[in-house]
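Peer 1: just coords:
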């Protein structure tokens, strides 16, 4: 991932897609006041490595670059610590840290081994340092979803059993199929910008490795 983002063709379109999910979540919160505990500052689902897309990686790179130096140093150090644990389990995994190189079974074992590892983007209080730029998968956690095509995505919140009204909420309607059409184009654009090749449209990695790759590329590392 050695290519800079062109400000004229940056991830603004993808960010707009993510904001559609934000609006969906806000509507559900307004319709069910006081029921949905999921919000910035809750880090129950922010543990273990999980897959993020090439468009998410681009957005995260921009967000990490904008952090104040001290915060970026802390994020980089935490990401490198997680990366060290990942490399101990998968020593052959190398840049650009594409999850396709591991395959589903190996990544599942990795995720299980590191399930308790906090996301490197969390601060000391458990708040996400780049909450406004968090990946799509983070925004799909906290509510169940039902799409016009009848797909049901269950709420994966790990603490919903502590909130009976919240756990009982039915899946909320959202046109995910329409979003996915536009997401495909955003992924192609991000792949071209990061790799110079739209063939990386299916590229997925982890948040820790996005940060580590950025540090390796820019020389920003800290003891």
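Peer 2: Perfect, thanks for sending it. It should be emphasised that the depicted structure is a prediction, and the values quoted were computed from it without experimental measurement. Residues are numbered from 1 along each chain as shown.
Peer 1: which residues are in contact with residue 44?
Peer 2: Taking C-beta atoms under 8 Å, 6 or more residues apart in numbering, we find residue 44 in contact with 157, 158, 159. Placement of C-beta: from N, CA and C, glycine included.
Peer 1: repeat for residue 189
Peer 2: 9, 11, 13, 14, 55.
Peer 1: need these in CSV (columns: pLDDT).
Peer 2: Output for these, formatted as CSV (pLDDT from 0 to 100):
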residue, pLDDT
9, 49
11, 83
13, 88
14, 94
55, 97
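Peer 1: ok, which stretches of the protein are strands?
Peer 2: If DSSP state E is used as the criterion, the strands of the chain fall at 52-53, 145-146, 152-153, 172-173, 204-205.
Peer 1: among the contacts of residue 189, name the buried ones.
Peer 2: Taking 16 or more other C-beta atoms under 10 Å as the criterion, what is buried in the contacts of residue 189 is 11, 14, 55.
Peer 1: give me the distance between the first one and residue 210.
Peer 2: Read it as residue 11. 13 Å (C-beta to C-beta, to the nearest Å).
Peer 1: is residue 14 in contact with residue 59, as I believe?
Peer 2: Yes: between residue 14 and residue 59 there is a contact under C-beta atoms under 8 Å: 6.5 Å.
Peer 1: quick one: contacts of stretch 137-145?
Peer 2: Residues from elsewhere that reach stretch 137-145 (C-beta under 8 Å, 6+ apart): 18, 21-22, 24-25, 28, 36, 38, 45-46, 50-52, 56, 128, 151-157, 169-174, 176.
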